[in-house]
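In: Sequence first, predicted model second:
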Amino acid sequence: MKHFNLLGLPEALNRALHHMQFSKPTPIQAQTIPHALEGRDILGSAQTGTGKTAAFGIPLVARLLSNPRGSALVMTPTRELATQVMSQLQAMLGKRSQLKTALLIGGESMPKQLKQLRSRPRLLVGTPGRINDHLQQGNLMLHDTGMLVLDETDRMLDMGFTSQIERILKFIPKTRQTMLFSATLPNSIVKISEKYLNNPVRIAVDKTVSPAKKIRHDVLRVSEEEKYRKLLSELDARTGSVIVFVKTKYGTEKMARQLSKAGHNADAIHGDLRQNIRNRVITNFRNQKYRILVATDVAARGLDIPHIEHVINYDLPQCAEDYIHRIGRTARAGAEGSAMCLVTPANTGKWNAINRLMNPDAVNKKSNNKKYKKRTGKPSDFKNDGKKFSRCINREAA
Ligand code: ADP
Ligand code: MG
């Protein structure tokens with residue numbers, strides 16, 4: 001497909017896409033949109049940064065615009081992602097759209113959301129926890145929801161949202177259209193899709209467990225003592241926006257303070273910050289008010305900030321798949337980026353597991369060792385990598 005305007009989309013949507021400088025669909029969009037416009041269920045997977053939001057957003061907005069009674073619910077794992085998805089969908093609806101929306105996320109004031117809900121919104125975007133709160137308090141009705149999107153489903157399951165999602169699904173009519181998107185397709189997701197999707201079109205673009213292409217990867221072997229000093233010199237050696245991943249919530253704030261003292265422009269984000277502070281941190285980073293964002297995995301999930309040029313893994317992630325999501329923060333939509341890992345001797349095992357996930361072929365070629373072979377390839381194989389480095393299941397939100 002060469003151009004969006006060949007799809008027969010509503011004119012207002014064509015204009016909005018033009019305004020957003022979206023002209024040519026990405027592969028996941030090209031494959032998803034025609035089926036979704038027909039009302040088919042979709043099970044879509046593609047690596048991060050490939051344009052999944054518009055893959056569901058375009059058909060969703062098209063159907064909302066052409067059916068004055070249609071309504072849609074989009075669920076995402078984090079508040080930031082919900083905010084981001086909402087703003088992309090609103091951009092597609094266009095500035096002059098009268099269509100009412102509601103953003104249902106935790107950490108934000110209930111009265112504001114109640115006001116939005118009373119305005120009879122036809123587009124709802126939110127996180128499972130808060131959506132459930134509204135359902136339980138009787139603020140929210142979903143019985144005429146015609147479209148449901150589960151975005152970043154792998155992450156929602158990793159964060160322990162499975163039962164919350166199932167509870168919400170009971171309120172939505174079975175005749176709906178459902179679109180499920182995920183960066184990876186582990187068994188748990190295939191199972192959910194069998195239960196909740198109706199004869200879906202299955203669309204997988206590229207290998208699901210491989211990072212975006214134009215990323216330069218560097219590894220720095222360091223001792224625990226020299227780690228911070230090395231980080232400083234790496235930051236000095238780079239220009240452009242950087243995201244630094246650390247393990248703990250407390251660690252993000254401490255690191256941001258230390259970096260600021262060392263003369264860098266830095267701020268921190270993690271899941272315990274109040275929502276208005278998180279919003280401010282993200283907005284300021286987006287507007288390049290400071291250069292370095294120090295983050296935990298959950299807080300950074302799905303963030304789409306085009307100018308991030310470097311991802312520095314100060315601490316390695318809890319599980320190998322998180323690594324792919326981390327480095328997906330850079331080199332978005334075909335731009336170039338770099339990723340660097342600081343690996344201490346204590347972390348060598350973790351680093352090897354990440355390498356096996358990223359380059360299964362290389363490991364196979366290098367080693368004929370049977371034990372090794374068994375562990376390459378599918379991410380689900382990593383659950384045997386020991387307690388210290390298990391897959392991301394039911395991990396506490398960072
Ligand atoms: P994903 O959900 O797959 O990680 P996003 O939907 O967040 O990816 O998109 C990544 C970036 O690509 C965003 O900045 C988005 O605005 C941009 N983008 C998506 N589709 C297109 C397109 N067809 N043309 C230009 N830019 C696009
Ligand atoms: Mg996404």
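Out: Perfect, thanks for sending it. Ligands and ions are numbered 1, 2, ... in the order given.
In: What segments of the protein are strands?
Out: Secondary structure of the chain (DSSP state E): strands at 42-46, 72-75, 101-104, 123-126, 147-150, 177-182, 201-205, 215-221, 241-245, 266-269, 292-295, 308-313, 337-343.
In: who wins for proximity to Q31 among the ones you listed?
Out: Comparing the strands of the chain by their distance to Q31 (CB to CB), the top pick is strand 201-205, with 4.8 Å. (Glycine included, C-beta is placed from N, CA and C.)
In: Which of the strands of the chain sits closest to ligand 1?
Out: Minimum separation from ligand 1 across the strands of the chain (CB to the nearest ligand atom) falls at strand 42-46, 5.9 Å.
In: got the angle between that closest one and strand 177-182?
Out: Relative orientation of strand 42-46 versus strand 177-182 (axes from the mean of the first three to the mean of the last three CA atoms, to 10 degrees): 20 degrees.
In: Which elements pack onto strand 42-46?
Out: helix 27-37, helix 52-66, strand 177-182, strand 201-205 (3 or more CB pairs under 8 Å, 6 or more residues apart in numbering; DSSP states H and E).
In: Let me know whether the last one sits next to ligand 1.
Out: No: in this structure, strand 201-205 remains apart from ligand 1 according to CB under 6 Å from any ligand atom; the gap is never smaller than 9.5 Å.
In: Check which residues of that strand are buried.
Out: For strand 201-205, a neighbour-count test (16 or more other CB atoms under 10 Å) marks 201, 203, 205 as buried.
In: So what angle separates the directions of that strand and strand 177-182?
Out: 20 degrees.
In: Parallel or antiparallel, which strands does strand 201-205 pair with?
Out: In the sheet, strand 201-205 lines up against strand 42-46 (parallel) (DSSP bridges).
In: List of residues touching the partner strand?
Out: Identification of contacts with strand 42-46 by CB atoms under 8 Å, 6 or more residues apart in numbering yields 27-28, 32, 35-36, 52, 55-56, 178-185, 193, 197, 200-206, 208.
In: Around G8, how many other residues sit close by?
Out: Here the number of neighbours of G8 (other CB atoms under 10 Å) works out to 9.
In: got the strands of the chain as CSV, with mean pLDDT columns?
Out: Below are these laid out as CSV (pLDDT from 0 to 100):
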stretch, mean pLDDT
strand 42-46, 92
strand 72-75, 98
strand 101-104, 97
strand 123-126, 98
strand 147-150, 98
strand 177-182, 96
strand 201-205, 89
strand 215-221, 82
strand 241-245, 93
strand 266-269, 95
strand 292-295, 95
strand 308-313, 88
strand 337-343, 86
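In: Let me know which of the helices and strands packed on strand 42-46 is the nearest to T330.
Out: Closest to T330 of the helices and strands packed on strand 42-46, according to CB to CB: helix 52-66, at 17.0 Å.
In: could I have that closest one exported to PDB, CA atoms only?
Out: Extracted in PDB, the C-alpha atoms of helix 52-66 (Å, rounded to 0.1, in the frame of the first residue of the first chain):
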ATOM      1  CA  LYS A  52       1.100  -0.100  16.200                       C
ATOM      2  CA  THR A  53      -0.800   2.800  17.700                       C
ATOM      3  CA  ALA A  54      -1.900   4.000  14.300                       C
ATOM      4  CA  ALA A  55      -2.500   0.400  13.100                       C
ATOM      5  CA  PHE A  56      -5.400   0.200  15.500                       C
ATOM      6  CA  GLY A  57      -6.000   4.000  15.800                       C
ATOM      7  CA  ILE A  58      -6.700   4.700  12.100                       C
ATOM      8  CA  PRO A  59      -9.500   2.000  11.700                       C
ATOM      9  CA  LEU A  60     -10.800   2.900  15.100                       C
ATOM     10  CA  VAL A  61     -11.100   6.600  14.300                       C
ATOM     11  CA  ALA A  62     -12.400   5.800  10.800                       C
ATOM     12  CA  ARG A  63     -15.200   3.700  12.300                       C
ATOM     13  CA  LEU A  64     -16.000   6.300  15.000                       C
ATOM     14  CA  LEU A  65     -16.300   9.000  12.400                       C
ATOM     15  CA  SER A  66     -18.500   7.000  10.000                       C
END
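In: Next, see if that helix gets close to ligand 1.
Out: Yes: counting by CB under 6 Å from any ligand atom, ligand 1 has neighbours in helix 52-66: 52-54.
In: Quick check: residues of this structure near ligand 1?
Out: 22, 24-26, 29, 46, 48-54, 304, 306, 332-333.
In: Pull out the buried residues from those residues.
Out: Buried among the residues of the chain next to ligand 1 (16+ other CB under 10 Å): 22, 25-26, 29, 46, 48-54, 304, 332.
In: Between those residues, which sits nearest R356?
Out: The closest of these, once distances to R356 are taken by CB to CB, is T48, at 19.5 Å.
In: May I have the phi/psi pair for the closest one?
Out: phi -70, psi 150 (degrees, to the nearest 10).
In: picking that back up, how about JSON lines for the buried residues of strand 201-205, with distance to I42 added?
Out: JSON lines is the format used below for the buried residues of strand 201-205 (distance: CB to CB, whole Å):
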{"residue": "V201", "distance to I42": "6"}
{"residue": "I203", "distance to I42": "6"}
{"residue": "V205", "distance to I42": "12"}
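In: List just the nearest of those to E226.
Out: Checking those one by one against E226 (CB to CB), the nearest turns out to be V205, at 40.9 Å.
In: Check the gap between the closest one and T32 for me.
Out: Distance, V205 to T32, by CB to CB, to the nearest Å: 9 Å.
In: now swap in L7 and tell me
Out: 11 Å.
In: more crowded one of the two?
Out: Comparing L7 with T32 by other CB under 10 Å, the one with more neighbours is T32, at 28 against 19.
In: List the residues that contact the more buried one.
Out: With CB under 8 Å, 6+ apart, T32 has these contacts: 42, 44, 55-56, 59, 179, 201, 203.
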